[in-house]
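A.B. asks: Dropping the sequence and predicted coords here.
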Amino acid sequence: MRLPRLKLWSQCRHIASRTDVTKLRNIGIIAHIDAGKTTTTERMLYFSGKTKRIGNVDEGDTVTDFLPQERSRGITIQSAAITFNWQNSFGINLIDTPGHADFTFEVIRSLKVLDGCVTILDAVAGVEAQTEKVWSQAKGIPKICFINKMDRVGAGFSRTVKELIVKMNTRVLLINIPVFSQPGPTMEPIFEGVLDVVNKTVLRWTATDVNLVNIEDVTSDSPHWNELVKLRESLIETLSEYDEDLVEYFLETANGDYMAIPAKKIDHSVRKCSLANFATPVLCGASFRNIGVQPLLDAVIKYLPSPVEARLPDFNHNLPVEVSNKKGVVVNKNHNLCVAQAFKVITDPIRGIMVYVRVYTGVLNSGFAIFNSTTGAKFKVGKLVIMHANVAEEVKQLNAGEIGVLTGSTVSENVRTGDTIIAHNMKRDGLRSLNKEKELSLKINPIITPPPVFSAAIEPRTLGNRKAMEESINALIREDPSLRVSVDEESGQTLLSGMGELHLEIAKDRLLNELNADVEVGKVVVSYNETLNVSSPLQEHKSEDGYHFGIQVEPLEVATETRNENEEWHYLSNDNNYLVMEKGAHRLKESNWPYQIPYDSIVNAILSSCLVAFQRGGKRARFPLHSCVVRVKSDWSIPPDLNSVTPILKISKSMILEGLDKIADRDYSILEPIMNITVTVKQQDMGQVLQDLTGACKANILSIEDEHDVSSEENFDLTFQKIAEEQYLPSDNTMDKANISSGSSINKIIKALVPVGEMVSYTSKLRSLTQGRGSYHMEYSGMEKVTGDRLPMILENY
Ligand SMILES: Nc1nc2c(ncn2[C@@H]2O[C@H](COP(=O)(O)OP(=O)(O)OP(=O)(O)O)[C@@H](O)[C@H]2O)c(=O)[nH]1
């Protein structure tokens, strides 16, 4: 046996090359609440040399959770983007996302611009509900799994891996597994390091210096040898299912010896499988104890894609896209075209509005003219910066693949979350030389926001404060488009709506304490909607001065049933409403356009009318309309010399409203948000919790399972069940001992569908029902029509 050696896992001193796109990784950290995302991010920043001390969530001094509300509550609310370096000249742009379901939108918009993900799992809790959700949202993005909290009593590495295979339907590649020391026969094993399957070493972290790692080669006389042989065999067998080159090497060069394949060869093969989403590399550690984070960073570089290997965004036009290591992504064969997407807006107290963008192709230069193809705005970009947590580095340009920030007064009115921006790489005012029809109208498909489920009324304390209140609400919404504001036409009341109670609570907190708004916030109520049961009669408008429109309002399900390729569907808002333009003669719009006003402007004008009309609400209780469609018949026309969209706006708005008025009251239905809830309780509390769910909460119980029991999985796929059974996994010694010694009962998981209105303040209710032993996770499932005795109850309360 060779003697162990000490490695100083020195902090990265190299400056990443900003021009070599193959050395860039844009990654996100995703997981269930409290899995350890922020703790892991803090360690990554420290080990990369970006910070000089390690911040802790529990002490409220982390770099990425810098909002006062994040620090005081110990949770992530906003995703934070940070840039740091690792290994020889690699740059990592990392986004730490929130785990709470109320902030799902933050995760969705981050995933849109990321090329790879690190999924963090809590080794005790296993694969939790929100992890399943974000995993499915990150479909198609290569992922690495980090099984964290291996130091906790009850940690189960293999049990968690098994859940991962069955619940996420993925093969796994065990890159390292936990190593424990056993202080005494009756004592708990202590997690101290990992067995590195690829490099055939054991890594032990020293308690005295977090940067020092004790590395021991595993040779045939080592106690870890037998385990390593089994793990290597299993790893190579899984890789061989995808990678024929490895099979060839294994048979011909390594002579069928699993231990003879060099680490480089295996890493290359793992990368192939990971990029193809064939399997998920799995590592483990305990970030809080600084164990396992450096190998995780190595894995990010080795197994996750660079921007040229990543999937491309969905563009609205089918333009040719070429990808090469040297030139990166080139759209429409135009090397001068820069396309970027804004994915996050924040208001910094010193720098003002900051817009985070991901550049997909070309170069974004400071001081150059930019075209926002989503809104049609043209402006000059001010300063460009790269964010290192809350420290900004000013740069002259952002290259393809990079994530950076636009600042300056011009960006605040001109860019919102989700907008596509176009620029010329070389010329300050080069927009005119770009192709108008194809390049300047190129859009990355927008980020769809989920609908809000709760609202609260907001009133200024004094009448003179209304303007200041509106400005503060606008600032809040600019940062978080999953918050929504609406004004009731009749009462003039302003309603702020959000994704959950916590979401609104944080919004209220920020409004009062950060933006110093002098407002009164009402109690939280459910965001009900209304929908149509029947279509409106066809409304026709024909005037001598050349306007002709045929407009009809329909329930979404009616429009979906008859949907065909002669229709153009435009998504309206998160209320699941659409505008359908029947194509007809206007299909020839590009080659033979008879009007002065461009087609897109006409559509945008009608979209605005739809929004206003749907927001006015239905006839039952004036709740905003949901799942409705405005259909514009194909034979519409406008005066050819018309140069303003105002008349189109006016005509279409009044036609939609007339159509809605002609539908009888009884043909409107109230819709309520239905939530998917997962409650985790001890066996002894289950009866009471179930009784409350089915009784007071009107829940529809979907299933009751033992925690970690994957045999009754809903998405149960026999192939992956078999893969899980065949996967070689070491025994979970801490978990078994923990269960035997504490005799703790297994948790039960109740899954149900519940109307959101019955879940207000459920956190405190569950706490009292279970003496604080229960927990739950809730997310939006969909809207359902309210029937029976719930209907008069809802109408009475409004
Ligand atoms: N024992 C142990 N505790 C850990 C470990 N990593 C994180 N924690 C603790 O777990 C709790 C949650 O950690 P966070 O890093 O805030 O988790 P998160 O996933 O970022 O949480 P949200 O952002 O709110 O979703 C904190 O109390 C951490 O100290 C670990 O490796 N071992």
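C.D. replies: Now that the structure is in, tell me what you want to look at.
A.B. asks: In space, what's closest to whichever residue of the stretch 451-600 of the chain sits closest to the ligand - neighbours in sequence excluded?
C.D. replies: At 10.7 Å from the ligand, Leu502 is the closest residue in the stretch 451-600 of the chain, using C-beta to the nearest ligand atom. To be clear about C-beta, it is placed using only N, CA and C from the backbone, and glycine gets the same treatment. Here the nearest residue to Leu502 in space, its sequence neighbours aside, is Asp102; by C-beta to C-beta, 6 or more residues apart in numbering that works out to 4.6 Å.
A.B. asks: is it true that that neighbour touches Glu505?
C.D. replies: No - using C-beta atoms under 8 Å, Asp102 is not in contact with Glu505, being 9.1 Å away.
A.B. asks: Comparing the two, which residue is more hemmed in?
C.D. replies: Asp102 (25 against 18; other C-beta atoms under 10 Å).
A.B. asks: Report how many residues lie close to Lys133.
C.D. replies: As a burial measure, Lys133 scores 18 neighbours (other C-beta under 10 Å).
A.B. asks: Secondary structure element holding it?
C.D. replies: Applying DSSP states H and E as the criterion places Lys133 in helix 129-137.
A.B. asks: cool, and Glu413?
C.D. replies: Assigned by DSSP H and E, Glu413 belongs to helix 409-414.
A.B. asks: buried residues in that helix?
C.D. replies: By 16 or more other C-beta atoms under 10 Å, the buried positions in helix 409-414 come out as Thr410, Val411, Ser412, Asn414.
A.B. asks: Which of these sits closest to Arg109?
C.D. replies: Ranked by distance to Arg109 (C-beta to C-beta), the buried residues of helix 409-414 are led by Val411 at 17.1 Å.
A.B. asks: Nearest to the ligand: which residue in the stretch 1-150 of the chain?
C.D. replies: In the stretch 1-150 of the chain, the residue that lies nearest the ligand is Gly99 (2.5 Å; C-beta to the nearest ligand atom).
A.B. asks: My guess is that residue contacts Thr38. True?
C.D. replies: No - when contacts are counted by C-beta under 8 Å, Gly99 is not listed as touching Thr38 (9.2 Å).
A.B. asks: on that earlier part again, which positions within the helix holding Lys133 qualify as buried?
C.D. replies: For helix 129-137, burial by neighbour count (16+ other C-beta under 10 Å) applies to Ala129, Gln130, Thr131, Glu132, Lys133, Val134, Trp135, Gln137.
A.B. asks: quick one: contacts for His570?
C.D. replies: By C-beta atoms under 8 Å, 6 or more residues apart in numbering, the residues touching His570 are Tyr578, Leu579, Val580, Met581, Val603, Leu607.
A.B. asks: try Val395
C.D. replies: Taking C-beta under 8 Å, 6+ apart as the criterion, Val395 is in contact with Arg18, Ser366, Leu384, Val385, Ile386, Gly404.
A.B. asks: Would you mind giving me the confidence score for it?
C.D. replies: You'll see Val395 listed with a pLDDT of 91.
A.B. asks: Now do Ser536: how many residues are near it, please.
C.D. replies: Close neighbours of Ser536, defined as other C-beta under 10 Å, add up to 22.
A.B. asks: Assign a three-state SS to the nearest residue to it once chain neighbours are set aside, would you?
C.D. replies: Nearest non-adjacent residue to Ser536, counting by C-beta to C-beta, 6+ apart: Gly659, 3.5 Å away. The local conformation at Gly659, judged by DSSP: H, G, I helix; E, B strand; the rest coil, is helix.
A.B. asks: Gly659 contacts Gln539, doesn't it?
C.D. replies: Yes - contact criterion C-beta under 8 Å: Gly659 and Gln539 qualify, at 4.8 Å.
A.B. asks: circling back to that earlier point, return whatever helix or strand the residue of the stretch 451-600 of the chain closest to the ligand lives in as CSV; C-alpha atoms alone will do.
C.D. replies: Taking DSSP H and E as the criterion, Leu502 maps to helix 501-509. Output of helix 501-509 as CSV, limited to C-alpha atoms (Å, rounded to 0.1, in the frame of the first residue of the first chain):
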residue,chain,number,x,y,z
GLU,A,501,-48.4,33.2,0.9
LEU,A,502,-44.6,33.5,1.4
HIS,A,503,-44.2,35.2,-2.0
LEU,A,504,-46.7,37.9,-1.0
GLU,A,505,-45.3,38.2,2.4
ILE,A,506,-41.8,38.8,1.1
ALA,A,507,-43.2,41.3,-1.5
LYS,A,508,-45.0,43.2,1.3
ASP,A,509,-41.8,43.2,3.3
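A.B. asks: Following it in sequence, what is the next regular element?
C.D. replies: Using DSSP H and E, the next helix or strand after helix 501-509 towards the C-terminus is strand 519-521.
A.B. asks: Neighbouring strands - and their directions - for that following strand?
C.D. replies: Here strand 519-521 has these sheet partners by DSSP bridges: strand 454-460 (antiparallel).
A.B. asks: Format the buried residues of helix 129-137 as JSON lines; extra columns: distance to the ligand and pLDDT.
C.D. replies: Shown next, in JSON lines, are the buried residues of helix 129-137 (distance: C-beta to the nearest ligand atom, whole Å; pLDDT from 0 to 100):
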{"residue": "Ala129", "distance to the ligand": "13", "pLDDT": "79"}
{"residue": "Gln130", "distance to the ligand": "8", "pLDDT": "80"}
{"residue": "Thr131", "distance to the ligand": "10", "pLDDT": "86"}
{"residue": "Glu132", "distance to the ligand": "15", "pLDDT": "85"}
{"residue": "Lys133", "distance to the ligand": "13", "pLDDT": "83"}
{"residue": "Val134", "distance to the ligand": "11", "pLDDT": "86"}
{"residue": "Trp135", "distance to the ligand": "15", "pLDDT": "90"}
{"residue": "Gln137", "distance to the ligand": "15", "pLDDT": "85"}
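A.B. asks: Quick one: residues contacting Val229.
C.D. replies: Counted by C-beta under 8 Å, 6+ apart, Val229 has contacts Tyr258, Met259.
A.B. asks: Torsion angles phi and psi at the spatially closest residue to Lys378 that is not a sequence neighbour?
C.D. replies: Nearest in space to Lys378, with sequence neighbours left out and distances taken as C-beta to C-beta, 6+ apart, is Phe371 at 5.3 Å. Here is the backbone geometry of Phe371 (degrees, to the nearest 10): phi -120, psi 130.
A.B. asks: The one 3 residues further on now?
C.D. replies: Main-chain dihedrals, Thr374, degrees, to the nearest 10: phi -80, psi -40.
A.B. asks: Correct me if wrong: it contacts Thr417.
C.D. replies: No - in this structure, Thr374 is not within contact of Thr417 by C-beta under 8 Å, at 10.3 Å.
A.B. asks: Between the two, point out the one with more neighbours.
C.D. replies: For Thr374 versus Thr417, neighbours defined as other C-beta under 10 Å are more numerous around Thr417 (23 against 17).
A.B. asks: thinking the more buried one is in contact with Ile477, fair?
C.D. replies: No - when contacts are counted by C-beta under 8 Å, Thr417 is not listed as touching Ile477 (9.9 Å).
A.B. asks: shouldn't Gly782 be in contact with Ile674?
C.D. replies: Yes - in terms of C-beta under 8 Å, Gly782 counts as a neighbour of Ile674; the distance is 5.7 Å.
A.B. asks: what's the spacing between Ile723 and the ligand?
C.D. replies: Ile723 sits 28 Å away from the ligand, taking C-beta to the nearest ligand atom, to the nearest Å as the criterion.
A.B. asks: sorry, that was for Tyr360
C.D. replies: Going from Tyr360 to the ligand by C-beta to the nearest ligand atom gives 28 Å.
A.B. asks: what comes up buried for whichever strand or helix holds that residue?
C.D. replies: Using DSSP H and E, Tyr360 maps to strand 352-361. Within strand 352-361, the residues that count as buried by 16+ other C-beta under 10 Å are Ile353, Met354, Val355, Tyr356, Val357, Arg358, Val359, Tyr360, Thr361.
A.B. asks: so who does His388 touch?
C.D. replies: By C-beta under 8 Å, 6+ apart, the residues touching His388 are Lys50, Ile82, Thr83, Phe84.
A.B. asks: No further queries at this time; thank you.
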